[in-house]
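Chemist: please work out how this folds:
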Amino acid sequence: MGLSRETVDRLLEESRTHRCSGAPETCVKVVAVADLPTRFGAYQVVAFWNDGARRDHAAFVHGDVFGRENVLVRIHSECLTGDAIGSLRCDCRDQLIASLEKIGREEAGVILYLRQEGRGIGFANKIKAYQLQDGGYDTVQANEALGFRPDERDYEVAAHMLASLHVESISILTNNPEKVEDLRRHGVRIVGRIPVVVPPTAENREYLETKKRKLGHLLDVEQMDELVHPGEGGPK
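Modeler: Model prediction:
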C-alpha cells in the first residue's frame, strides 16, 4: 500500500499554502502524485516544483512513508547519459537500478531524483567535461578546468522534499559521505548508511577510482570486482 488518497490530498494542500522562510531556490512544493507501476515494484511518483529555480524534481515512493522513521532513501542526481542512454562512463544507471530494486523489496522507501546533472554543472557543461576527459583529464580536473568545484551539488532541496513527505528519519543508500553530512546540515535525521555496490566496468573503473581517491567516496573497487568475479581478481 502506498500513500493513501487522504495523505495525498493533505500533501497537496500543505504545499498549496506553504511559504518558505529560507531561500526561494531551495523551496519545493508537491504539485501532483500518481501511481507508477514499474518493473521494480509498485511506486508512486510525486512531482515537486521549485518556483525560485524554475526547476522540477521527483520522488518515487514505494509504500507509505508518511510519518515514518528509518525510511530507506536513495538521493539520485539526474544523469541523462547514464540513466536514459546507458552510458558506461559512469555508474549512475547501475546505482539507480540497484536502489530501485532494493527499495522495491522493502515495505517502504523513496528515490529522490534531483535535477542536478553533471554533479550540478548542467548537461552542456558535463559534455564539455567529457570532452576534456577524452583528452586525459579525470572528472575532478575537468570540472576545475571549466571553473567549477569538483562537486557543485547541494542537498537542501532533498531535505525539503523529505520534510514535505513527512519522513521522520532515513537510512540512506549512498557511497558519498559528503552527501550524508550535507543532509545532516539541512536537518535530515540519518540513522544509517547503506553502500550501493555495483561492479566496475573497463570504461568506468578510472572514474570510480577518482571518486574514491579525490572525492572521498567509500568505494573498494577491488572488492566490487570480487563480488562479480570471485577468485578471479576482477575483470581482465
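Chemist: can we go C-alpha only for contacts and neighbour counts from here?
Modeler: OK.
Chemist: just grab the bridge partners of the spatially most central residue of the chain for me.
Modeler: The geometric centre of the chain, computed from its C-alpha atoms, lies nearest to residue 76 (CA atoms, centre = their mean), at 1.2 Å. For residue 76, the beta-bridge partners under DSSP bridges are residue 113.
Chemist: from memory residue 175 sits against residue 212, does it?
Modeler: No. The pair residue 175 and residue 212 does not pass the contact test of CA atoms under 8 Å, sitting 9.2 Å apart.
Chemist: common neighbours of the two, please.
Modeler: Contact with both residue 175 and residue 212 is made by residues 218, 219, according to CA atoms under 8 Å, 6 or more residues apart in numbering.
Chemist: what does stretch 18-36 rub up against?
Modeler: Taking CA under 8 Å, 6+ apart as the criterion, the residues outside stretch 18-36 that touch it are 8, 11-12, 15-16, 42-53, 156-157, 160-161, 164.
Chemist: out of those residues, which are buried?
Modeler: Among the contacts of stretch 18-36, those buried by neighbour count (16 or more other CA atoms under 10 Å) are 8, 11-12, 15, 42-50, 156-157, 160-161, 164.
Chemist: what residue ranges in this protein score low on pLDDT?
Modeler: Under the criterion pLDDT under 70, the flagged ranges of the chain are 22-24, 220-236.
Chemist: how about the strands in it?
Modeler: Counting by DSSP state E, the segments of the chain that form strands are 28-38, 41-50, 55-62, 71-77, 109-114, 170-173, 190-194.
Chemist: within the sheet, what are the partner strands of the longest one, with directions?
Modeler: Right, strand 28-38. Taking DSSP bridges as the criterion, strand 28-38 forms sheet pairs with strand 41-50 (antiparallel).
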